[in-house]
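Asker: I would like the atomic coordinates for the input below:
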Amino acid sequence: MLGAYNDLYARWQADPEAFWADAAKAIDWFEPPAAILDDSAKPLYRWFPGGSVNTAWNCLDRHVEAGRGEQDALIYDSPVTGTKTRFTYRELRDKVAELAGALAAKGVVKGDRVLVYMPMVPEALFAMLACARLGAIHSVVFGGFAAKELATRINDAKPKAIVSASCGVEPGRTVAYKPLLDEAIELASFKPDFTLILQRPMLAASLVPGRDFDWAEAVRGAAPADCVPVASTDPLYVLYTSGTTGVPKGVVRDNAGHMVALAWSMKNIYGVAPGEVFWAASDVGWVVGHSYITYGPLLIGATTILYEGKPVGTPDAGAFWRVIEEYGCKVQFCAPTAFRAIKKEDPDGKLLEKYDISGLRTLFLAGERADPDTVQWAERMVKVPVIDHWWQTESGWPMAANLVGVELLPVKYGSPTRAVPGYDIRVLDNEHNEVEAGEIGSIVVKLPLAPGALPTLWQNDDGYIRSYLSDFPGYYKTGDAGYIDEDGYLFVMSRTDDIINVAGHRLSTGGMEEVLAYHPDVAECAVIGAADALKGQVPLGFVVLKAGVNRPEAEIEKELVKLVRDKIGPVAAFKTVTVVKRLPKTRSGKILRGTMRKIADGEKWSMPATIDDPVILDEITDSLRSVGYAKDSAA
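Answerer: Reported below is the predicted structural model:
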């Protein structure tokens, strides 16, 4: 047992530089690196210094030259607009080269930043890859993001150009992007030289003369641009993640380390081969959309699916099954919240009976903790391995996973399995000592981080060291809490902030959520710690019921309290659980537990920039008040 995985991990441990030098053979280099690792500026590290590469070349041109030109590279499926399109590797290369030429004609050169503010349309990928082709640094901001938040990213990235669209399309509504972009540019102290606007047929945008240019007109007749060699350590992109101070942190991704890591992961973690169809059901505004819609599949010559829709409501909870069947998808990757939504609407999987998904080989879940109940429900539905894996915007690719392409290890529900080669994961206490197996502590990673992980923050080395490397010297602080069991399996229980202290007992809200999720009537849930004068903190539970449940809510709430007390014990002091219609989430599906906790404690809070629907927080506030909390809460 664990033979192939153990051998691989041991090979990495024995000689990390030789391991990654071997992995680097999977990409094309204009100039090979002068070294594998530069550790001269500890705690900052650089992988593959001295080399020269181009990411767009590796994603597109080399596959065309190798004979994959007529293979599908990109499948676009948009149930919200009724559009389906395919692009071969040759067609995608030509579209990208054409757009790169249009950007170059307007002055974009290597090292410039280009902000991409786009819906889930093929042109979003064209823009990312066109920047990579020119050696420009792209920064994708989630389409429809609030103007104020967009302005802070403009000020930080200082883009020469902004590439956007007239609108995004959501189920039942059209979201005008251009007014938001206009307001953001007005608010920003830094002004871009120009914008390119993709006019979508459902809503035309008015253009500001001299600043805004029509996408179609700009690319018409543009001379295709060649790939520009860049240093292997040059940034490919900057992706902003919310900072604890409210100031966004620009996570930097370099070119060579990123390519080496993603190419390695596609084969070894996801088990995907060139020519196969891979679907990451995410958005290009999130790291998953960068790593596993745009770059990962294209680096290895696979086919990627770009889906402009939802897991439910476009048109129903069978949407994912339809896409898997229609395109022969071998591997799907999505957030656990998507499957919770499907489970809520179609708990018995009746809609799945309409589709043949026998071609599906593996389902991967990440983005938020995959509770055992959701994993087991998904297993019953898809009848293939359902793999929980764990990573972050900062890591750029998985840090802990079941390496399907190497050896499928036994699944332990609630665990993303074991550390991926490249990551030495430890669990430490507040005194920086490793804890015993099974004991909860702070999850950290011994430096250096693997290729593909952030080398720093955008123009902010000090901020990077302060935010991630100072609390546990010699380690990267993940901000997650959990434990490693006696078999080396990692259990990520919650964010460090979600470990609550109840009368001196450190308890995981994730563990309580795990218990609540097992109740047959519960579709999804959240537990937060609220301040309590006697015990320090007490847990408060929120549950969303499955469709069709019509039992008295008070009866279900009573059962849930008993369930937690039976499974975890009276020490949890779990006495309050409330049925709600929905939970507040980011647009990537993460539950906003931190904001809920502030509301409960009556602290001042600000509306999260990434929230999916702000109205939900009003509903949560009302629910908290009904059980005696949020008395003085004010946004």
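Asker: helices and strands of the chain: which one bottoms out on pLDDT?
Answerer: Counting by mean pLDDT, DSSP states H and E, the weakest-scoring helix or strand in the chain turns out to be strand 505-508, with a mean of 68.
Asker: which is the next helix or strand following that strand?
Answerer: Helices and strands here follow DSSP states H and E; after strand 505-508, the next one along the chain is helix 509-517.
Asker: And the average pLDDT for that following helix is what?
Answerer: Mean pLDDT, helix 509-517: 86.
Asker: Mind giving me the packing neighbours of it?
Answerer: The contact analysis (3 or more Cβ pairs under 8 Å, 6 or more residues apart in numbering; DSSP states H and E) places helix 509-517 against helix 372-382, strand 490-495, strand 522-532, strand 536-545, helix 553-567. Yep, even glycine has a C-beta here, placed from its N, CA and C like the rest.
Asker: Show the subsequent helix or strand relative to the shortest one.
Answerer: Taking DSSP H and E as the definition, the helix or strand that follows strand 490-495 towards the C-terminus is strand 499-502.
Asker: Extract the CA atoms of that next one and return them as CSV.
Answerer: Taking C-alpha atoms only, strand 499-502 is exported to CSV below (Å, rounded to 0.1, in the frame of the first residue of the first chain):
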residue,chain,number,x,y,z
ILE,A,499,-11.1,27.5,15.5
ILE,A,500,-13.2,28.6,18.4
ASN,A,501,-12.4,28.5,22.1
VAL,A,502,-15.3,27.2,24.2
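Asker: is it true that V277 touches E326?
Answerer: No - V277 is beyond contact range of E326, at 10.0 Å (criterion: Cβ atoms under 8 Å).
Asker: ok, the two, which is more surrounded?
Answerer: Ranked by neighbour count (other Cβ atoms under 10 Å), V277 and E326 place V277 first, with 21 against 13.
Asker: quick one: A23 is in a strand?
Answerer: No - counting by DSSP: H, G, I helix; E, B strand; the rest coil, A23 is not found in a strand; it is helix.
Asker: check contacts around it.
Answerer: A23 makes contacts with V260, A261, A263, W264, P451, as judged by Cβ atoms under 8 Å, 6 or more residues apart in numbering.
Asker: Quick check: closest non-adjacent residue to P32.
Answerer: Spatial nearest neighbour of P32, excluding adjacent residues (Cβ to Cβ, 6 or more residues apart in numbering): G51 at 5.8 Å.
Asker: any low-confidence regions in the stretch 351-500 of the chain?
Answerer: 496-499 (pLDDT under 70).
Asker: Just the strands from it, written as ranges.
Answerer: Using DSSP state E, counting those that start in this stretch, the strands of the stretch 351-500 of the chain run over 362-365, 386-388, 400-401, 418-419, 425-428, 441-446, 475-484, 490-495, 499-502.
Asker: Now do the contacts for the closest residue to E559 other than its chain neighbours.
Answerer: Of all residues not flanking E559 in the chain, H519 sits nearest, at 6.6 Å (Cβ to Cβ, 6+ apart). By Cβ under 8 Å, 6+ apart, the contact set of H519 is V543, I556, E559, L560, L563.
Asker: Looking at K585 now. What's its pLDDT?
Answerer: The model's pLDDT for K585 equals 87.
Asker: isn't A481 right up against S494?
Answerer: Yes - applying Cβ under 8 Å, one finds A481 in contact with S494, separated by 5.7 Å.
Asker: what is in contact with those two at once?
Answerer: With Cβ under 8 Å, 6+ apart as the test, A481 and S494 both reach S508.
Asker: Pull the host helix or strand of L99 out as PDB, backbone CA atoms only.
Answerer: Mapping L99 onto the secondary structure by DSSP H and E places it in helix 89-105. Extracted C-alpha coordinates of helix 89-105, given in PDB (Å, rounded to 0.1, in the frame of the first residue of the first chain):
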ATOM      1  CA  TYR A  89      -5.600  24.500 -31.300                       C
ATOM      2  CA  ARG A  90      -4.900  26.200 -34.700                       C
ATOM      3  CA  GLU A  91      -8.000  28.400 -34.400                       C
ATOM      4  CA  LEU A  92      -7.200  29.300 -30.800                       C
ATOM      5  CA  ARG A  93      -3.600  30.200 -31.600                       C
ATOM      6  CA  ASP A  94      -4.700  32.400 -34.500                       C
ATOM      7  CA  LYS A  95      -7.300  34.200 -32.400                       C
ATOM      8  CA  VAL A  96      -4.800  34.800 -29.600                       C
ATOM      9  CA  ALA A  97      -2.100  36.000 -32.100                       C
ATOM     10  CA  GLU A  98      -4.600  38.400 -33.700                       C
ATOM     11  CA  LEU A  99      -5.600  39.900 -30.400                       C
ATOM     12  CA  ALA A 100      -2.000  40.100 -29.300                       C
ATOM     13  CA  GLY A 101      -1.300  42.000 -32.500                       C
ATOM     14  CA  ALA A 102      -4.100  44.400 -31.800                       C
ATOM     15  CA  LEU A 103      -2.800  45.100 -28.300                       C
ATOM     16  CA  ALA A 104       0.800  45.500 -29.600                       C
ATOM     17  CA  ALA A 105      -0.400  48.000 -32.200                       C
END
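Asker: Let me know the closest of the contacts of H519 to K412.
Answerer: For these, the residue nearest K412 by Cβ to Cβ is L563; the value is 21.3 Å.
Asker: so how far is G594 from the residue nearest to the closest one when sequence neighbours are not counted?
Answerer: Computed as Cβ to Cβ, 6+ apart, the closest residue to L563 that is not its neighbour in sequence is V515, at 5.6 Å. Distance, V515 to G594, using Cβ to Cβ, to the nearest Å: 21 Å.
Asker: who has more neighbours, those two?
Answerer: Neighbours were counted for V515 and for G594 using other Cβ under 10 Å; V515 has more, 24 against 16.
Asker: my guess is that one meets R565, correct?
Answerer: No - checked against Cβ under 8 Å, the pair V515 and R565 is beyond contact range at 9.5 Å.
Asker: Out of the contacts of A23, name the two that are farthest from one another.
Answerer: Taking Cβ to Cβ as the measure, the contacts of A23 span a maximum distance of 10.4 Å, between A263 and P451.
Asker: more crowded one of the two?
Answerer: P451 (29 against 22).
Asker: For that one, which residues are in contact?
Answerer: Applying Cβ under 8 Å, 6+ apart, the residues contacting P451 are W20, A23, W47, F48, A256, G257, H258, V260, A261, G422.
Asker: The last one against Q13, yeah?
Answerer: No - between G422 and Q13 no contact is recorded; they are 10.1 Å apart, counting by Cβ under 8 Å.
Asker: Name the nearest residue to I357, ignoring sequence neighbours.
Answerer: Nearest non-adjacent residue to I357, counting by Cβ to Cβ, 6+ apart: I324, 4.6 Å away.
Asker: Can you name the residues that contact the one you found?
Answerer: Contacts for I324 (Cβ under 8 Å, 6+ apart) come out as W279, Q332, Y355, I357, G359, L360.
Asker: Could you provide those residues in CSV, with additional columns for distance to L624?
Answerer: Formatted as CSV, those follow (distance: Cβ to Cβ, whole Å):
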residue, distance to L624
W279, 38
Q332, 36
Y355, 41
I357, 41
G359, 46
L360, 41
